[in-house]
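> coords below, sequence missing:
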């Protein structure tokens with residue numbers, strides 16, 4: 001008798017994996033093909049959700065930071081299973097720069113929007129003051 005995979009969001013699944021496996025908690029570089037290991041060990045979860053959870057994890061800034069300086073990849077049991085190549089470290093470093101660039105850009109955009117909102121609010125206050133000043137003075 002086969003059971004249907006649990007309907008769980010990839011983010012919730014990632015929390016479960018992080019609680020169970022130190023390689024997730026510590027953001028260690030994951031072994032190539034770890035998705036197949038996870039799918040085999042956790043048939044209770046949909047393969048699609050496992051892969052999506054892995055994508056979320058491996059595209060996060062802490063993961064890239066560890067990849068950029070790592071020499072070894074790790075399996076679910078925490079045992080070294082392969083190496084991180086120079087090309088993979090360089091890619092991680094590029095991703096770190098891109099994430100930081102996007103965050104800085106978003107922060108600047110938010111600051112500009114806040115500045116514009118405050119300017120508009122001040123303009124509206126001044127208009128209200130003018131309206132109230134001239135409202136009581138008939139010609």
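Looks like it came in fine. Bear in mind the structure is a predicted one, so any value in this text is a computation, not a measurement. Numbering: from 1, shown residues only.

> Just the pLDDT for the spatially most central residue of the chain.
In the chain, the residue lying closest to the centroid (C-alpha atoms, centre = their mean) is residue 60, at 4.7 Å. We have a pLDDT of 97 for residue 60.

> ok, it touching residue 27?
Yes - using C-beta atoms under 8 Å as the test, residue 60 is close enough to residue 27 to be in contact (7.5 Å). Bear in mind the C-beta positions are built from the backbone N, C-alpha and C, glycine included.

> packing partners for the biggest helix by length in the chain?
Looking across the chain with DSSP state H, the single longest helix is helix 86-135. Judged by 3 or more C-beta pairs under 8 Å, 6 or more residues apart in numbering; DSSP states H and E, the packing partners of helix 86-135 are helix 61-69.

> buried sites along the next helix-or-strand element following the helix it packs on?
Next in sequence after helix 61-69, counting helices and strands by DSSP states H and E, comes strand 72-74. Within strand 72-74, the residues scored as buried using 16 or more other C-beta atoms under 10 Å are 73, 74.

> Now do strand 72-74: distance to the chain's middle.
Its chain's C-alpha centre lies 21 Å from the corresponding centre of strand 72-74 when counted by C-alpha atoms, centre = their mean, to the nearest Å.

> if we look at it, which residues are touching it?
Outside strand 72-74, the residues within contact range by C-beta atoms under 8 Å, 6 or more residues apart in numbering are 23, 28, 29, 30, 31, 32, 80, 81, 82, 83, 84.

> Next secondary structure element downstream of it?
The helix or strand immediately downstream of strand 72-74 is strand 80-83, counting by DSSP H and E.

> for that following strand, which positions count as buried?
Residues residue 81 are the ones in strand 80-83 that count as buried (16+ other C-beta under 10 Å).

> what's next to that strand, contact-wise?
With C-beta under 8 Å, 6+ apart, strand 80-83 has contacts from 31, 32, 71, 72, 73, 74, 75.
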